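Enquirer: Build me a model from this:
(one chain, ligands or ions: 1)
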Amino acid sequence: MPDLIPERLPSGPGRSGEWDALIVGAGFSGLYQLYSLRERLGLSVQVLEAGDGVGGTWYWNRYPGARCDSESYCYSYSFSDELQQDWNWSERYPEQPEIMRYLNHVADRFDLKRDIRFGTRVSEAHYDEAANRWHVTTEAGEHLTAKFLITAVGCLSSANVPNTPGLDSFAGRWYHTGQWPQDGVDFTGKRVGLVGTGSTGIQATPVIAATAAHLTVFQRTPNFSVPARNGPLTEEFKREVKANYGEIRRKMRATTNGHDYTVSERLALDVEAEERQALYEAAWAQGGLQFRATFQDLLVNRAANDTAVEFIRSKIRQVIKDPAVADILTAFDHPYATKRPPIDTEYFETFNRDNVTLVDVRASPIERVTPQGIQTRDAAYDLDIIVFATRFDAMTGPLLRIGIHGRDGQSLREVWDAGPRTYLGLQVAGFPNLFTITGPGSPSVLCNMPVAIEQHVDWITDCIAHMRERGLERIEPRADAVDKWVEHVNQVASGTLMMQAASSWYLGANVPGKPRVFMPYAGGMARYRDICDDVVAKGYEGFAIEERGRTSRMMEAGQAADVGR
Ligand code: N01
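Expert: Below you'll find the model as predicted:
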């Protein structure tokens, strides 16, 4: 047993102490998990949160233009009808401050903050097999133990700053969008460089350009983006949604991506070119993520996908005045929506401004940061501020930066050395009573997150309730169930075009040295939900559950989940 576990722990709710469950993170998932365990099961629970407030990813991602790409009425909890009836969203897509107001409202309404320790970063978690408890250590040196450890750390919370030589020598200021200063950054009169053109860079570009003296955007991989068509919600729309929330939530739970729209059954190449164009035009006018639902086969048939690529390329060309700039913006190297598809508000229009320059760093790579700015192979750009919108060490990063050690002291980092291996994205073999909300191997980032989160939290809560009712002590997946699930996740991903995006964070391809494994489950939320329900209906098939020291007979009989449907 590692030395980190103190021999005796003070009991009860002191600064250290013993609990039924510990939750790491107070974002969307941590808040709902706390509510569920405390209010439904009556457990003693502590949430450990590194930030000084609730919000998780949204607490840190307060960069200019930060806004959710899911529509506000869908990007919210469904567990309380009173909550969804009382809360009023102002715009089609909620801005970061509005999401923070919402999450604070939820935390206050359900009196959650009293069980959250803010400013508390977890550094280590060790499983003590003899006592069947998790021992958690924080950076401040507190020790807490619990029977259940639940990670609610989000998929995109571990910021990735490129290892560019010379960054320390930069005389100006630099920021990563995922660790934005709480009191903001004033760009007025400044020469700003923005590195990265993913969803974040695409949101930030127009907003920074509006106040900066000059904005230089360093683009490595051209990205597709569809207009968001954001705007205020009318009173009529809000009334309509509230009157139909039950039906809307049912639909969201039954769809592939957890949104209030279904993927069309039409195939792109089954319709005449004229009709296809008209359908794309209508989807473009409507705006938003549902553009990718225009045809059923966009993610599985390259020729079908090419029609979307050509349509988007022509739209960008219509906007951009300088054909050389249009060439750089449309030199796509991957099929549409095989990386997370951004949506925008006047992103491409911004490149027509006099104070904006686009630099193609694929043609002329960034060589170093100098005291004055950024030096590419061919030119030097003088800058006062550099903004890195260079993404995250996604999905596994937030879990691995906590030193998690399971049975026999084995570390999660070592167990996942060749890529994450989970059962249903919920548990890891050898790490009993550890649950990973929206972990790798679950739909997570391919789904509207609150839908994925609520499904996981409900599943975990039901599982713990099941164990308590039957006096069961320990649950972890069987190795054969993990093997089978990992194989299924890979098989489903291989059936899509998503493996073709060379620089995708879905594949971990953005972090040097990270294993290239497709991390989220691409089989769709509805199918995944059915699989999870089925596993429960078959007596937690694929899990080993121990009843005070011996494996329950019920579980020994179970086979790994039949996922080949
Ligand atoms: O990150 P990204 P993001 N030199 O990975 C570039 C979610 N999100 O922070 O593709 C130069 O999409 C990199 O280039 P390349 C959403 O799920 C949600 O924008 O590697 N460039 C790419 O252009 C999203 O997918 C909302 O060649 C470098 C960019 O940085 C996820 O967050 C809003 C570089 C990174 O793009 C991540 O988005 C915003 C280097 N050394 C974001 N390193 C919502 O609506 C990286 N890049 C909820």
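
Enquirer: In this protein, which residue is most central in space?
Expert: Cys155 (3.8 Å; Cα atoms, centre = their mean).

Enquirer: Show the contacting residues for that residue.
Expert: Residues counted as contacts of Cys155 (Cβ atoms under 8 Å, 6 or more residues apart in numbering) are Phe392, Ala394, Met395, Pro398, Thr438, Ser444, Val445, Met449. Heads up, the C-betas are built off the backbone N, CA and C, glycines and all.

Enquirer: what about 6 Å?
Expert: Counting by Cβ atoms under 6 Å, 6 or more residues apart in numbering, Cys155 touches Ala394, Met395, Thr438, Ser444, Val445.

Enquirer: try Gly65
Expert: Listed by Cβ under 6 Å, 6+ apart, the contact set of Gly65 reads Gln203, Ala204, Val207.

Enquirer: where's the residue nearest to the centre of the chain relative to the ligand, distance?
Expert: From Cys155 across to the ligand, the span is 8 Å (Cβ to the nearest ligand atom, to the nearest Å).

Enquirer: Please list the residues of this structure that sit near the ligand.
Expert: For the chain, the contact set with the ligand under Cβ under 6 Å from any ligand atom comprises 68-69, 156, 162, 195-201, 203, 218, 220-221, 340, 361, 366, 389-392, 445, 503, 505, 510.

Enquirer: Next step: these restricted to strands.
Expert: When DSSP state E is applied, the residues of the chain next to the ligand are split such that Val195, Phe218, Ile366 fall in strands.

Enquirer: With pLDDT and distance to Ala465 added, can I get these in CSV?
Expert: Listed next are these as CSV, based on pLDDT from 0 to 100; distance: Cβ to Cβ, whole Å:
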residue, pLDDT, distance to Ala465
Val195, 97, 47
Phe218, 98, 51
Ile366, 97, 52
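
Enquirer: Quick one: neighbours of the closest residue to the ligand within the stretch 351-500 of the chain, just the number.
Expert: Closest contact between the stretch 351-500 of the chain and the ligand, by Cβ to the nearest ligand atom, is at Arg391 (3.0 Å). Residues lying near Arg391 (other Cβ atoms under 10 Å) number 25.

Enquirer: Would you mind measuring from it to Tyr336?
Expert: 19 Å (Cβ to Cβ, to the nearest Å).

Enquirer: same thing with Val153?
Expert: Counting by Cβ to Cβ, the gap from Val153 to Tyr336 is 30 Å.

Enquirer: The stretch 401-550 of the chain: helices as residue ranges?
Expert: Per DSSP state H, counting those that start in this stretch, the stretch 401-550 of the chain carries helices over the ranges 412-415, 449-470, 479-494, 525-537.

Enquirer: how about JSON lines for these, with mean neighbour count and mean pLDDT added?
Expert: JSON lines is the format used below for the helices of the stretch 401-550 of the chain (neighbours: other Cβ atoms under 10 Å; pLDDT from 0 to 100):
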{"stretch": "helix 412-415", "mean neighbour count": "16", "mean pLDDT": "94"}
{"stretch": "helix 449-470", "mean neighbour count": "20", "mean pLDDT": "97"}
{"stretch": "helix 479-494", "mean neighbour count": "18", "mean pLDDT": "93"}
{"stretch": "helix 525-537", "mean neighbour count": "17", "mean pLDDT": "97"}
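
Enquirer: how about a markdown table for these, with distance to Thr255 added?
Expert: Shown next, in a markdown table, are those (distance: least, Cβ to Cβ, whole Å):
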| stretch | distance to Thr255 |
| --- | --- |
| helix 412-415 | 32 |
| helix 449-470 | 9 |
| helix 479-494 | 17 |
| helix 525-537 | 6 |
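
Enquirer: for those helices, which one sits closest to Leu144?
Expert: With Cβ to Cβ, the closest approach to Leu144 among the helices of the stretch 401-550 of the chain belongs to helix 449-470: 17.7 Å.

Enquirer: Okay, now the unreliable bits of the protein?
Expert: The model of the chain has pLDDT under 70 over residues 1-16, 156-158, 509-510, 548-565.

Enquirer: count of neighbours near Asp306?
Expert: Here the number of neighbours of Asp306 (other Cβ under 10 Å) works out to 15.

Enquirer: Next: the one 5 residues further on.
Expert: Neighbour count for Phe311, taken as other Cβ under 10 Å: 20.

Enquirer: what residues are up against it?
Expert: Counted by Cβ under 6 Å, 6+ apart, Phe311 has contacts Tyr280.

Enquirer: And it, how far from the ligand?
Expert: Going from Phe311 to the ligand by Cβ to the nearest ligand atom gives 21 Å.

Enquirer: cool, and Ala324?
Expert: 20 Å.

Enquirer: Phi first, then psi, for Ser36.
Expert: Main-chain dihedrals, Ser36, degrees, to the nearest 10: phi -70, psi -50.

Enquirer: correct me, but it touches Thr461?
Expert: Yes: in this structure Ser36 lies within contact range of Thr461 using Cβ atoms under 6 Å: 4.2 Å.

Enquirer: give the contact list for the closest residue to the ligand within the chain.
Expert: The nearest approach of the chain to the ligand comes at Gly198, 2.0 Å away (Cβ to the nearest ligand atom). Gly198 sits next to Arg391 when contact means Cβ under 6 Å, 6+ apart.

Enquirer: repeat that with 7 Å
Expert: Counting by Cβ atoms under 7 Å, 6 or more residues apart in numbering, Gly198 touches Asn223, Pro342, Ala389, Arg391.

Enquirer: of the residues you listed, buried ones?
Expert: Asn223, Pro342, Ala389, Arg391 (16 or more other Cβ atoms under 10 Å).

Enquirer: Just the closest of these to Ile453, please.
Expert: Of all the buried ones among the contacts of Gly198, Ile453 sits closest to Arg391, with 20.8 Å by Cβ to Cβ.

Enquirer: right, and the closest one touches Ser503 too?
Expert: No: contact criterion Cβ atoms under 7 Å: Arg391 and Ser503 do not qualify, at 9.7 Å.

Enquirer: hmm, back to that, filter the residues of the chain next to the ligand to the buried ones?
Expert: Of these, these count as buried by 16+ other Cβ under 10 Å: 68-69, 156, 162, 195-201, 203, 218, 220-221, 340, 361, 366, 389-392, 445, 505, 510.

Enquirer: Out of those, name the ones that lie in helices.
Expert: Ser199, Thr200, Gly201, Gln203 (DSSP state H).

Enquirer: just checking, the second one touches His176?
Expert: Spelled out, it's Thr200. No: using Cβ under 7 Å, Thr200 makes no contact with His176, being 9.6 Å away.

Enquirer: Include distance to Trp416 when you put the ones in strands among the residues of the chain next to the ligand into TSV, please.
Expert: As requested, these are exported to TSV (distance: Cβ to Cβ, whole Å):
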residue	distance to Trp416
Val195	28
Phe218	32
Ile366	30
